[in-house]
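Undergrad: structural data only, the sequence is not supplied:
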């Protein structure tokens, strides 16, 4: 039996690169736990800007949310809940068995996030313009993240802005965390 392989996509590649950077997983989890955000939508908002696709319109956010909200809530988050429940074992099941299952669930969870990301990218089709400067793409990414947060019902505070800067830093190393944080706070207070 051949394992099914999901198609590669620049958004998925961006997410792997960014999420694989030091400090990013912890920052994403902190934002997720604090505000119940969908990390895939956070990364998507950043990728749209980073890839030269500009600023998300309200209709783009609506299309993205319509595409993935139920999938994320019912599939991804449900798998995460089961995986987290197994974190400390589940007596009387031997720990080595529950740990093995936990690892398999994580693999399935990641595949489900891959499906979500492919669906997000298909929901908001825009051409890429890499002739825009890194600074402009950084501003667009920050604006998109702020728009997603507003749509999700909160305004990021200083702590959130620090976490977002950690997430965006691998995509915009020329701007740096301090500048990215400043830009996010400026966009959200304007």
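TA: It's in. Keep in mind that this is a model prediction, so the values were computed, not measured. Numbers count the residues shown, from 1 in each chain.
Undergrad: other SSEs contacting the longest helix seen in the chain?
TA: Ranked by residue count under DSSP state H, the longest helix found in the chain is helix 95-123. Packed against helix 95-123, as judged by 3 or more Cβ pairs under 8 Å, 6 or more residues apart in numbering; DSSP states H and E, are the following elements: helix 10-19, helix 39-50, helix 58-71, helix 77-85. From N, CA and C alone the C-beta is placed, and that goes for glycine too.
Undergrad: next, the angle from it to helix 10-19.
TA: Angle, helix 95-123 to helix 10-19, by axes from the mean of the first three to the mean of the last three Cα atoms, to 10 degrees: 130 degrees.
Undergrad: buried ones in helix 95-123?
TA: Applying a neighbour-count criterion of 16 or more other Cβ atoms under 10 Å, one finds 98, 102, 105, 109, 112-114, 116-118, 120-121, 123 buried in helix 95-123.
Undergrad: where in the chain is pLDDT low?
TA: 1-4 (pLDDT under 70).
Undergrad: list the contacts of stretch 105-120.
TA: 6-7, 9, 11-12, 15, 40-41, 43-44, 64, 67-68, 71-72, 75-76, 79-80, 82-83, 86 (Cβ atoms under 8 Å, 6 or more residues apart in numbering).
Undergrad: pull out the buried residues from those.
TA: 9, 11-12, 15, 40-41, 43-44, 64, 67-68, 71-72, 75-76, 79-80, 83, 86.
Undergrad: cheers, nothing more for now.
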